[in-house]
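**Q** any chance you could fold what I've pasted below:
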Amino acid sequence: MENLLNNLKLLLQKDERLVSEGELLKNKIIELAIKLDKALIELLLADKQMKEVFFAQAGKVTVFDKDKFIKFVSNKQFLPDSYTAFKNKIGLTEDDEFISEKKEVVLSWPYKDCVLEGGMTKEDQKRDEIFWNEILAPDEISRLLDPKVFTGAKRIDKKGEHELDKFKTDGNGDIKDNLIIKGNNLLALHSLKKRFAGKVKLIYIDPPYNTGNDEFKYNDAFNHSSWLVFMKNRLEAARILLKDEGVIFVQCDDNEQAYLRVLMDEVFERDNFVNTISLRVSPPEGVKTTHASKTILKEKEYLHVYVKNRQKLVIKPIYVKADIWDTHYSSYIGNIEEPIEKWRSIPLSQKLEREKLIADLNNKKFVRWIIKNSERIFQLIDSGKYKNIEKYRKDKFQWTDDGKIIIYRGRKVHFLSEGLKETDEGLTLGRLLCDFWKDISFNNLFQEGGVSLIGGKKPEKLIKRILEMFTTTNDIVLDFFMGTGTTCAVAHKMGRQYIGIEQLDYGKNSAVVRLKNVINGDQTGISKSVGWKGAGDFVYMELAKWNENFVDEIKKAKSGKELQKLWETMKEKAHLSYKVDIAAFDKNVKDFTDLSLENQKRFLLECLDKNHLYVNYSEIDDEEYGVSAEDKKLNKEFYKV
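**A** Next up, the predicted model:
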């Protein structure tokens, strides 16, 4: 056995894909085996011992025993590291079950280099990744999704920040405040159920895309299955909050969009699928086009749209400026001031030639002219179900007997004025917005809202359009991947109530900073189009941390000494996992200090009981947590106790 292990290690090291910094990559080996990678199989076949162990003969055919190979490589004796050895020594064992069997819940974000923050440099992005996304089996979850205590509540308006005395409510006792919540979004969603189940009209989220090259400035490289579970947990909780007529928009790219669509079919039911909107987000320009010979360039992203109950769906039609002149509008009435029977038409082309105009909707002079003359320009269309059309003279313009339509040459006169629509650019020749949105720019958004997030912001115009289509004043809008607050900023300017949830800390570029700018009259984004001058307020509050405080301290630690000191505090105050043998840890502390700093952090994070990351509302009166009288009052009001 030992000889086989050593020989296999030496053999695999010949494949540079399987080696990083002199160490074999176990996960990569398993990945290639699952894919029946040709180069890997040829490498194994070239070795007599490996051929005998991992291949079988079926007549003249040699068959690779993939399952046997993967099981062998997965064995803890193959590539054991100091971290695994130490973890096993003190009892933090793992099993080999798959996510589909365990129905695991992905709890935490993946932390980039042990630090969860918005603003990683390009140098940081090149480092090897360590992920702290925690996976819990159902039998390990006892208190995780219970309602949490809110703390640090304050009302923010033009005059500044004030202690929150009470929530605004209506005659039914429903909370009417705009809410910004800092904390884990899965836990926050479950905490909102008590007051907001069945009350949210629209959800828009822009979750991590699982690309491994995240432009949102925090790492989102979950493995595929974990990402889907991560999303499933949150979508299931979000669905509970939606009204029957409520809709959800989830933005994504090609990396996961097909799988996300299937997942959303499961969560929201396939019959409740509304559409998938394609967004033109990145026109192929400049340096990007130099790669055109290597790939088909990306130009679009997607919005998957679902309603909770298809029978209740209501959509307001939206019109956008037409980009191509409709040549069917080919006739012009010069004497429209005279009685209808004296009208005479000429080809529109003749009139345009006299006016020295070219039919081009990119020509502002032409657009102004056709709008001004829209009641003179027409096309002839089918008269529909109108009866006895043949009785009207074909050589004259005539009203029908009921005075509803004008007939000419046996067909209905359709004036250009009937095609003019109100759009973001005012009254103009419009077309119905369908499922391809190419008119919203995703570039140069760094000034919107007075906060910066290069490559991650979404245009305020995009959110405005979504809210116009599906919401009205005072409807509740939810974004639980809030980022720098685009959704909430637009909702505030449009008079919608909103709830935003975010775990990341964006500092001076946070949603709180942006919403303060909005209240004070921010004039970027959609402000001018909606006549925004500034007003209103919002309530900020946080999930009360407990073990999450230790997570933060572990992430911030710069040395092993800091972590050892923190361990002493954790033994006294933290809720540790039942798997942790404290005595065994202290006895083998030398093995702990021999671990890399990253693995020391990883181990201490695994020691924490994830059911106790935040303080449960059911334990608000426990003196151990030190919840203030003010927080107790507001939480009891929030949970209607």
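**Q** list the contacts of the residue positioned nearest the centre of the chain.
**A** With distances taken as Cα atoms, centre = their mean, the residue of the chain nearest its centroid is Asp206 (1.9 Å). By Cβ atoms under 8 Å, 6 or more residues apart in numbering, the contact list for Asp206 reads 216, 251, 458, 479, 481, 483. (Each C-beta comes from the backbone N, C-alpha and C, glycine too.)
**Q** ok, so of those, who is nearest Leu595?
**A** Phe216 (30.8 Å; Cβ to Cβ).
**Q** all helices of the stretch 101-250 of the chain, in order?
**A** Under the criterion DSSP state H, counting those that start in this stretch, the stretch 101-250 of the chain contains helices at 122-125, 185-196, 224-241.
**Q** closest to Ile34 out of the ones you listed?
**A** Nearest to Ile34, of these and by Cβ to Cβ, is helix 224-241 at 12.2 Å.
**Q** for that closest one, packing partners?
**A** helix 99-102, strand 105-106, helix 185-196, strand 200-205, strand 242-252, helix 257-268 (3 or more Cβ pairs under 8 Å, 6 or more residues apart in numbering; DSSP states H and E).
**Q** of the ones you listed, which shows the lowest average pLDDT?
**A** Least confident of those, judged by mean pLDDT, is helix 99-102 with a mean of 45.
**Q** hang on, the earlier thing: let me have the contacts of Asp206 in a markdown table, extended by neighbour count and distance to Gly173.
**A** Formatted as a markdown table, these follow (neighbours: other Cβ atoms under 10 Å; distance: Cβ to Cβ, whole Å):
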| residue | neighbour count | distance to Gly173 |
| --- | --- | --- |
| Phe216 | 21 | 37 |
| Gln251 | 20 | 34 |
| Lys458 | 23 | 34 |
| Asp479 | 26 | 24 |
| Phe481 | 20 | 29 |
| Gly483 | 27 | 31 |
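**Q** re the thing from before, now for the helices and strands packed on helix 224-241, which one comes closest to Gly525?
**A** strand 200-205 (15.1 Å).
**Q** between that closest one and helix 185-196, how many degrees?
**A** 170 degrees (axes from the mean of the first three to the mean of the last three Cα atoms, to 10 degrees).
**Q** could you say which of the helices and strands packed on helix 224-241 is packed most deeply?
**A** Stretch with highest mean neighbour count among the helices and strands packed on helix 224-241: strand 200-205 (a mean of 24; mean count of other Cβ atoms under 10 Å).
**Q** tell me which of the helices of the stretch 101-250 of the chain sits nearest to Leu608.
**A** With distances scored as Cβ to Cβ, the stretch of the helices of the stretch 101-250 of the chain nearest to Leu608 is helix 185-196 (14.6 Å).
**Q** if we can go back for a sec, quick one: the helices and strands packed on helix 224-241 as JSON lines, columns for distance to Ile318 too.
**A** Listed next are those as JSON lines, based on distance: least, Cβ to Cβ, whole Å:
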{"stretch": "helix 99-102", "distance to Ile318": "40"}
{"stretch": "strand 105-106", "distance to Ile318": "36"}
{"stretch": "helix 185-196", "distance to Ile318": "27"}
{"stretch": "strand 200-205", "distance to Ile318": "14"}
{"stretch": "strand 242-252", "distance to Ile318": "14"}
{"stretch": "helix 257-268", "distance to Ile318": "23"}
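**Q** shouldn't Tyr408 be in contact with Phe397?
**A** Yes. Using Cβ atoms under 8 Å, Tyr408 is in contact with Phe397, at 4.9 Å.
**Q** now the strands for the stretch 501-641 of the chain?
**A** 538-543 (DSSP state E, counting those that start in this stretch).
**Q** my bad, the stretch 251-400 of the chain
**A** 273-280, 300-307, 319-321, 331-333, 345-347, 377-381, 398-399.
**Q** who does the second one pair up with?
**A** By that I understand strand 300-307. strand 242-252 (antiparallel), strand 273-280 (antiparallel) (DSSP bridges).
**Q** could you tell me the angle between the longest one and helix 224-241?
**A** Note on geometry: by the same axes, to 10 degrees, strand 242-252 and helix 224-241 are set 150 degrees apart in direction.
**Q** ok, the last one next?
**A** Here strand 273-280 points in a direction 120 degrees away from that of helix 224-241 (the same axes, to 10 degrees).
**Q** which of the helices and strands packed on helix 224-241 sits closest to Met570?
**A** For those, proximity to Met570 was assessed by Cβ to Cβ; helix 185-196 is nearest, at 20.7 Å.
**Q** could you give the angle of that closest one to strand 538-543?
**A** 120 degrees.
**Q** tell me which residues are up against helix 185-196.
**A** So helix 185-196 is contacted by 107, 144-148, 150, 174-175, 181, 233-234, 237-238, 240-241, 476, 480-481, 499, 501-503, 543, 613-614, 617, 638-640 (Cβ under 8 Å, 6+ apart).
**Q** now stretch 43-53
**A** By Cβ under 8 Å, 6+ apart, stretch 43-53 touches 4, 7-8, 11-12, 14-15, 54-55, 62, 64, 68-69.
**Q** just the terminal-to-terminal distance for that stretch.
**A** End-to-end distance for stretch 43-53: 14 Å, by Cα to Cα, to the nearest Å.
**Q** pretty sure Ser82 contacts Leu595?
**A** Yes. Using Cβ under 8 Å, Ser82 is in contact with Leu595, at 5.8 Å.
**Q** mind checking the SS state of Asn443?
**A** When classified by DSSP: H, G, I helix; E, B strand; the rest coil, Asn443 comes out as coil.
**Q** where in the stretch 1-150 of the chain is pLDDT low?
**A** Low-confidence segments of the stretch 1-150 of the chain (pLDDT under 70): 1-2, 21, 76-77, 79-81, 84-85, 88, 91-104, 107-140.
**Q** still on that earlier bit, which one of the strands paired with strand 300-307 lies closest to Glu630?
**A** Checked against Cβ to Cβ, the stretch from the strands paired with strand 300-307 lying closest is strand 242-252, at 31.9 Å.
**Q** report the angle between that closest one and helix 257-268.
**A** Going by the same axes, to 10 degrees, strand 242-252 makes 170 degrees with helix 257-268.
**Q** how is this structure divided into domains?
**A** 2-79, 102-139+546-613, 143-318+437-543, 321-432 (automatic domain parsing).
**Q** JSON lines for these, including distance to Glu630?
**A** Shown next, in JSON lines, are these (distance: least, Cβ to Cβ, whole Å):
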{"stretch": "domain 2-79", "distance to Glu630": "49"}
{"stretch": "domain 102-139+546-613", "distance to Glu630": "19"}
{"stretch": "domain 143-318+437-543", "distance to Glu630": "7"}
{"stretch": "domain 321-432", "distance to Glu630": "45"}
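**Q** mean pLDDT for those: which is lowest?
**A** Minimum mean pLDDT among these: domain 102-139+546-613, a mean of 75.
**Q** how far away is Arg245 from Ser577?
**A** Actually, residue 245 is Glu rather than Arg. 43 Å (Cβ to Cβ, to the nearest Å).
**Q** related to what we said a few turns ago, quick one: closest of the helices of the stretch 101-250 of the chain to Glu624.
**A** The nearest among the helices of the stretch 101-250 of the chain, by Cβ to Cβ, is helix 185-196 at 19.3 Å.
**Q** sorry, back to before: distance to Lys26 added to the strands paired with strand 300-307, as CSV?
**A** Converted to CSV, these look like this (distance: least, Cβ to Cβ, whole Å):
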stretch, distance to Lys26
strand 242-252, 30
strand 273-280, 37
